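> next come a sequence and a model predicted from it.
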Amino acid sequence: MAVIQFFTAIGFSVCIPFLCIYLHQDRGFSMTFVGMIILAGGLCAAVSQAIGGALSDRFGRRPILLISALVSIFLYSGLSVLIGISAPVWAIAITYIAGRSMLTITRPVISAMVADFTSKDRLTEAYGILRIGLNIGWAAGPAIGGYLATFLPYWWLFGIAALTCGITFLIILFFIHESSHGIRRGVGFRSMLPTAVDRTFLAFVGLSLLLFIIMGQMTSTLSIFAVDMVGFSTAQYGLLLTLNGLIIVFFQYPITLALRQLARFRALMLASLLYGFGYLSLGWITQFGWALGAMAIITLGEIIHVPVTLSVIGELSPQDQRGRYMGLYGLSETTGIAIGPLLGGVLIDTFPLNPKLIWAPIASIALIAAIWYGWWAHRFRA
């Protein structure tokens, strides 16, 4: 599972930020418009996660993974061609949205498979290991993309996503075993109702949306801020994301082990505060070294937040509905990450000369999340 996350992360970490840079710099579109495209892609991907999770409960996990990877190969290949010929932006947007939606289907399925194979007392540890594979990809992707962007046209970068989808398909075909063979329950709106009446689950998913909005700043708002406003090169921006991945690779597992001694709601409150402080500090960034420090703080928040939230969902979900629970959680995640670029784009267009007014509202969302996690634990005795 971690290897699959590695290859899909390379494609994502190259595609999204460099698509933002391509549309903004080469095609001249405003960041608000670019943010709307990323938002549309995220919303469609959010729905696809909910559907993908339900389909994996019905038909099994492995078939959904194979179909997703195969279709994604063709979609990302098409995106590369469209950018290479400077196709109309609507064609690029539609292909990007379709590709992101199809590839994102794998997320709740993989998360459900991890919960299928793992005992509840080791879920946080298991998801921590999954994050290591994911972030090795996040570390490699921007470095590869930033380096290639210095001497190759942008359309080459999107070919990387197609290549990683092909590798993912082969890994699933030959090495991944089924963890759930499906149930005789149809896939539709009514099949989602059991999760919709789980108030503890719904409250947690709604609350987590706030931090996902914060997470959405890294691949879009931060890219334009770092390259256009501060003046870093694309390679330096790539190094920021590479640092994010490397810190997770080396510190995710030991920090995950240390989290066993901390109540989960306290861990999530700490993660929120780290996110907030890290993003707030970007308003005072003028040198690359300080940007690296801010990224390190943001990454510590991510290291704590992601595996803990996934382990909470894993414990809340019944085995025969695990794909649905992970899918609806993924809907919240992807929706938040999609809203993030639009929010950041509006702030950049509104305050182009004042970075503090860009990052302070974003940091305040993290502070609100920290307070609400405490409320959730008290309200539901979690």
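Thanks, I have it. Please read all numbers here as calculations on a predicted model, not as lab measurements.

> tell me where the stretch 1-150 of the chain has helices.
According to DSSP state H, counting those that start in this stretch, the stretch 1-150 of the chain carries its helices in the segments 2-21, 31-59, 61-84, 89-104, 106-117, 123-148.

> do the same with the stretch 201-350 of the chain
221-224, 234-258, 264-281, 288-316, 322-350.

> let's have the helices of the stretch 1-150 of the chain in CSV, adding mean pLDDT.
Output for these, formatted as CSV (pLDDT from 0 to 100):
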stretch, mean pLDDT
helix 2-21, 75
helix 31-59, 81
helix 61-84, 89
helix 89-104, 88
helix 106-117, 83
helix 123-148, 75
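
> need those in a markdown table (columns: distance to Phe212 and mean neighbour count).
The way it works is simple: take the backbone N, C-alpha and C, and place the C-beta from them, glycine included. Output for these, formatted as a markdown table (distance: least, C-beta to C-beta, whole Å; neighbours: other C-beta atoms under 10 Å):
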| stretch | distance to Phe212 | mean neighbour count |
| --- | --- | --- |
| helix 2-21 | 14 | 24 |
| helix 31-59 | 10 | 24 |
| helix 61-84 | 21 | 21 |
| helix 89-104 | 13 | 21 |
| helix 106-117 | 12 | 25 |
| helix 123-148 | 15 | 23 |
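
> related to what we said a few turns ago, out of the helices of the stretch 201-350 of the chain, flag the one nearest Arg61.
Taking C-beta to C-beta, helix 322-350 is the member of those nearest to Arg61, at 7.4 Å.

> name the residues of the closest one that come out as buried.
322-348 (16 or more other C-beta atoms under 10 Å).

> and whichever helix or strand comes after that helix, how far out from the chain middle?
Downstream of helix 322-350, the first helix or strand assigned by DSSP states H and E is helix 355-380. Computed by C-alpha atoms, centre = their mean, to the nearest Å, the chain-centroid distance of helix 355-380 equals 19 Å.

> mean confidence score for helix 355-380?
Helix 355-380 shows a mean pLDDT of 88 in the predicted model.

> what's that helix packed up against?
Packing partners of helix 355-380 (3 or more C-beta pairs under 8 Å, 6 or more residues apart in numbering; DSSP states H and E): helix 199-215, helix 264-281, helix 322-350.

> can I get those in TSV including mean pLDDT?
Formatted as TSV, those follow (pLDDT from 0 to 100):
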stretch	mean pLDDT
helix 199-215	86
helix 264-281	92
helix 322-350	83
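
> now render those helices as TSV, adding distance to Glu302.
Listed next are these as TSV, based on distance: least, C-beta to C-beta, whole Å:
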stretch	distance to Glu302
helix 199-215	7
helix 264-281	8
helix 322-350	12
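
> those: which one's closest to Tyr127?
Between Tyr127 and the helices and strands packed on helix 355-380, the shortest gap by C-beta to C-beta is with helix 322-350, which sits at 11.1 Å.

> hang on, the earlier thing: for Ser311, which of the helices and strands packed on helix 355-380 is the nearest?
helix 264-281 (7.5 Å).

> who touches that closest one?
Contacts with helix 264-281, where a contact means C-beta atoms under 8 Å, 6 or more residues apart in numbering, come from 211, 214-215, 217, 259, 262, 290, 293-302, 304-305, 308-309, 311-312, 359-360, 362-367, 369-370, 373-374, 376-377, 382.
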